[in-house]
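# kindly return the folded structure for what I paste below:
(chains A and B)
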Number of protein chains: 2
Amino acid sequence: MHQDLLQHIGYFIHLSEEEKEWVSQRFIIRTYQKGDYFLREGQVCREAAFIQSGLLRYVLTKEDGEELTVDFNKEQEWTCNYASFLDKSPSGTAIQCIEPTTLLVISYDDLQLLYTHVAEGQKFGRLICEFLYVEAIKKVRSMYTHQPGERYLQFLDTYASLAQRLPQYYISSYVGVQPPSLSRIRKRLSK
Amino acid sequence: MHQDLLQHIGYFIHLSEEEKEWVSQRFIIRTYQKGDYFLREGQVCREAAFIQSGLLRYVLTKEDGEELTVDFNKEQEWTCNYASFLDKSPSGTAIQCIEPTTLLVISYDDLQLLYTHVAEGQKFGRLICEFLYVEAIKKVRSMYTHQPGERYLQFLDTYASLAQRLPQYYISSYVGVQPPSLSRIRKRLSK
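Numbering: from 1, shown residues only, chains lettered A, B, ... in the order given. From the prediction side, this is the model:
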């Protein structure tokens, strides 16, 4: 049984021993090398995954070809393009592994089955969605109102443990500035 | 009983006659004049509301004092600052009635009760959240990638019926341009 996954779900709902067994069987293990894609831009996202180990970035390609890194997910979090997963639209972002990564993958259909088969499955679906909603809105708000310096502070707040694991150009892309500007922001903040 | 509300909930889940009665009793009617606020910026949003009639805008005030209109809701839709409602954080936006408006209002606590009291309540909460999530993400994506002309087309696509009901300066604020630029965009698109 996937103990880390079951423990994570256990934060949200109660699972009986029988349900734990059943849930574990819905997920398959898949491993990725650094640079591999879990999802390509333009694909419909038909799977969600719990990250056992590793780190992924969400990449959006602007019309002029520039790549933006718009989000990250690390171990013990979920990854998928949830909007594409929900409404079956082509994904606007790619999801790329930036470290060797091990995922526990569940298909859309099996997740729907989980919602109905497990006694508190619908509640789990609601709580996960509510969590993702709050995260997404924080991001919208930051884009509307924050200057790069504040966006960098928000990055540190949200992704504290990642600052050391990520290449600087991913962080500067996320913050929305060129790498030299990020250096200046960091120097200013360290004073 | 609030038939329009019950019909709306009926798109998502089945309600027994007894549940319809119970759900109706959780909502209170409240009326607003044009210009009134359902929620002020900085308040925690402790209520959600189904709009029986009227039109509301979401207003975000930038640090330099400029007001941005970032969203709209009309009759037969829900209104609330859902992120503030969920995590009890101060709302980053105000919600203002821009027409005389009648709302059916439910408190946070009563909505949690609805999730557990109604047989398919958790499923309703999940589906509403999934719907709101997809809408929110479309908006993030548009802000990252779209030029004002495309954002205006997206506005027409999302809010088709509102183009005639809204003052031009709310639309130009939503699209992210000054009113004269919006006129030029409209002229170009009408060709």
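
# so where's chain A uncertain?
A:140, A:143-145 (pLDDT under 70).

# which helix is the longest one in it?
When chain A is parsed with DSSP state H, its longest helix is helix A:121-145.

# and the helix or strand that comes right after that helix, what does it pack onto?
Downstream of helix A:121-145, the first helix or strand assigned by DSSP states H and E is helix A:148-158. Where contact means 3 or more Cβ pairs under 8 Å, 6 or more residues apart in numbering or on different chains; DSSP states H and E, helix A:148-158 is packed against helix A:121-145, helix A:168-175, helix A:179-190. Just so you know, the C-beta spots here come from the backbone N, C-alpha and C atoms, and that holds for glycine as well.

# could you export helix A:148-158 as PDB, CA atoms only?
Listed next in PDB are the C-alpha coordinates belonging to helix A:148-158 (Å, rounded to 0.1, in the frame of the first residue of the first chain):
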ATOM      1  CA  PRO A 148       8.300  41.900  -8.600                       C
ATOM      2  CA  GLY A 149       9.900  42.400  -5.200                       C
ATOM      3  CA  GLU A 150       6.600  41.400  -3.500                       C
ATOM      4  CA  ARG A 151       6.200  38.500  -5.900                       C
ATOM      5  CA  TYR A 152       9.600  37.200  -4.900                       C
ATOM      6  CA  LEU A 153       8.700  37.400  -1.200                       C
ATOM      7  CA  GLN A 154       5.400  35.600  -2.100                       C
ATOM      8  CA  PHE A 155       7.500  32.900  -3.900                       C
ATOM      9  CA  LEU A 156       9.700  32.500  -0.800                       C
ATOM     10  CA  ASP A 157       6.500  32.300   1.400                       C
ATOM     11  CA  THR A 158       4.900  29.700  -0.800                       C
END
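
# how about that helix: buried residues?
A:Pro148, A:Gly149, A:Arg151, A:Tyr152, A:Gln154, A:Phe155 (16 or more other Cβ atoms under 10 Å in any protein chain shown).

# try stretch A:118-137
A:118, A:120-130, A:132-134, A:136-137.

# same for chain B: which of these are within range?
Taking Cβ under 8 Å from any Cβ of the partner chain as the test, chain B is in contact with A:Glu120, A:Gln122, A:Lys123, A:Gly125, A:Arg126, A:Cys129, A:Glu130, A:Leu132, A:Tyr133, A:Val134, A:Ala136, A:Ile137 out of the buried residues of stretch A:118-137.

# distance of the nearest residue to A:Gln154 once chain neighbours are set aside from A:Val70?
In space, and not counting its chain neighbours, A:Gln154 is closest to A:Ser142: 5.4 Å by Cβ to Cβ, 6 or more residues apart in numbering or on different chains. Distance from A:Ser142 to A:Val70, counting by Cβ to Cβ, to the nearest Å: 11 Å.

# who has more neighbours, the two?
Neighbour comparison, A:Ser142 and A:Val70: the larger count goes to A:Val70, with 19 against 16 (by other Cβ atoms under 10 Å in any protein chain shown).

# quick check: the more buried one touching A:Val59?
Yes: applying Cβ atoms under 8 Å, one finds A:Val70 in contact with A:Val59, separated by 7.4 Å.

# what's the overlap in contacts for these two?
In terms of Cβ atoms under 8 Å, 6 or more residues apart in numbering or on different chains, A:Val70 and A:Val59 are both contacted by the residues A:Thr93.

# which residues does A:Ser84 contact?
Taking Cβ under 8 Å, 6+ apart as the test, what A:Ser84 contacts is A:Leu39, A:Gln43, A:Val44, A:Cys45, A:Pro90, A:Ser91, A:Gly92.

# go with 10 Å
A:Leu39, A:Gly42, A:Gln43, A:Val44, A:Cys45, A:Arg46, A:Pro90, A:Ser91, A:Gly92, A:Thr93, B:Val134, B:Ile137 (Cβ atoms under 10 Å, 6 or more residues apart in numbering or on different chains).

# give the pairing partners of whichever strand or helix holds A:Gln52; include direction for each.
Element membership of A:Gln52 [criterion: DSSP H and E] is strand A:47-53. If you go by DSSP bridges, strand A:47-53 pairs up with strand A:78-79 (antiparallel), strand A:101-107 (antiparallel).

# Serialize those to CSV and add fields for distance to A:Leu55 and mean neighbour count.
Below are the strands paired with strand A:47-53 laid out as CSV (distance: least, Cβ to Cβ, whole Å; neighbours: other Cβ atoms under 10 Å in any protein chain shown):
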stretch, distance to A:Leu55, mean neighbour count
strand A:78-79, 10, 22
strand A:101-107, 7, 20
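
# nearest to B:Leu15, of those?
When the strands paired with strand A:47-53 are compared by Cβ to Cβ, strand A:101-107 sits nearest B:Leu15, at 29.9 Å.

# contacting residues around the closest one?
A:2, A:4-5, A:8, A:23-24, A:26-34, A:36, A:38, A:46-56, A:73-75, A:78-80, A:97, A:113-114.

# buried subset of these as a PyMOL selection?
Selection of buried members from the contacts of strand A:101-107 for PyMOL, criterion 16+ other Cβ under 10 Å:
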select buried, chain A and resi 2+5+8+23+26+27+32+38+47+48+49+50+51+52+54+55+56+73+74+78+79+80+97+114
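
# sorry, back to before: can I get the helices and strands packed on helix A:148-158 in JSON lines including distance to B:Thr102?
What follows is the helices and strands packed on helix A:148-158, written out as JSON lines (distance: least, Cβ to Cβ, whole Å):
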{"stretch": "helix A:121-145", "distance to B:Thr102": "26"}
{"stretch": "helix A:168-175", "distance to B:Thr102": "43"}
{"stretch": "helix A:179-190", "distance to B:Thr102": "48"}
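
# any idea how far A:Ser24 is from B:Thr93?
If you go by Cβ to Cβ, the gap between A:Ser24 and B:Thr93 works out to 42 Å.
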